[in-house]
Structure formats: structure tokens, C-alpha cells
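1. Turn this into a structure:
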Amino acid sequence: MNAQAEKIDLLQLNEGGHSPMGASSFSRRALCPASLQMEAGKHDTPSEYALEGTAAHWVAEQALLNRGFASDYIGEVCPEAPNIAIDDVMARHVQTYIEYIDELNTGQLFVERRVDYSR
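-> Numbering: from 1, shown residues only. Take a look at the predicted model:
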């Protein structure tokens, strides 16, 4: 690799708001550390499955913050995944997650918080 190659800021979020060192890319980074440099500046096109996960996260976030139910969002569309409509199957799975969070009941609710891995 060129000695003048641009350094990558590991704390800089990509266009999707994720860290290049996030959990979803851990196995790739562990097997090929150079993949970080190779992917720098490349546009990431999310799969349909990734968009569905984004929509499910959005439903969970909305329901938790508004103290509602996942079913309240059936038929709505996630702003970050405009081709994915929330259906009853997704709502049912997200509701299971919401109920699990409610069971933990630690007195504090942290929804979609950024995690700083630098410390």
C-alpha cells in the first residue's frame, strides 16, 4: 500500500450513520483488515434484508420512545427504507423485542444510542 495513502478515521460515520468498525462488519475486518482501506470512499448499497432490518429498528425505536406498540406502525414506511412497508409479521417480531426490553426494566431507556469504541 502506498505510504501516502489517506488515513481512515475509524470514528467517522459512513453515509448510513454507521461506524466502519461496527459489529456488522467485524467478521470481515477480522479476516481481512485491509478491507477497511479498500472500502473507503465506496458507496454501500444495502440489501433488501438490511433495509428490512433498518425498518424494524425504526419501528422499535418509535414504539419505545412513544411508549406504544409495534402494531401501531403497520402500514407505515420507515424514512430510511422507503421501499419497506411495516407489516404484521415485522410488527409481531419487533413487539417481541419491545416486550423483552420492557422486562429488563432497568429504569433507564437508551434507544439507538451511539457507542464510542475508542475508549
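2. now for the least confident helix or strand in the chain by mean pLDDT, which elements pack on it?
-> Every helix and strand of the chain was ranked by mean pLDDT, DSSP states H and E. The lowest is helix 35-39, at a mean of 83. Contacts defined by 3 or more Cβ pairs under 8 Å, 6 or more residues apart in numbering; DSSP states H and E place helix 35-39 against helix 26-31. Bear in mind the C-beta positions are built from the backbone N, C-alpha and C, glycine included.
3. Distance from the chain centre to the helix it packs on, please.
-> 18 Å (Cα atoms, centre = their mean, to the nearest Å).
4. which regions of this structure sit below the pLDDT cut-off?
-> Low-confidence segments of the chain, defined by pLDDT under 70: 1-21, 114-119.
5. run the last query once more with 50
-> 1-5 (pLDDT under 50).
6. Do a quick rundown of the helices in it.
-> With DSSP state H as the criterion, the chain has helices at 26-31, 35-39, 48-65, 88-104.
7. about what we covered before: just the buried residues of the least confident helix or strand of the chain, please?
-> Glu39 (16 or more other Cβ atoms under 10 Å).
8. can you check stretch 40-52 too?
-> Leu51, Glu52.
9. Just want the most central residue of the chain.
-> Thr54 (5.8 Å; Cα atoms, centre = their mean).
10. Can you verify my assumption that Leu36 contacts Gly22?
-> No - counting by Cβ atoms under 8 Å, Leu36 does not reach Gly22; the two are 11.3 Å apart.
11. what's the offset of the least confident helix or strand of the chain from the middle of its chain?
-> Worked out by Cα atoms, centre = their mean, helix 35-39 lies 20 Å from the chain centre.
12. What distance do you get for Lys42 to Leu36?
-> 11 Å (Cβ to Cβ, to the nearest Å).
13. ah, wrong one, I meant Thr54
-> From Thr54 to Leu36 the distance is 22 Å (Cβ to Cβ).
14. next one: Arg29
-> 6 Å.
15. cool, and Ala50?
-> 19 Å.
16. Just say which of the helices of the chain is most tucked in.
-> helix 48-65 (a mean of 17; mean count of other Cβ atoms under 10 Å).
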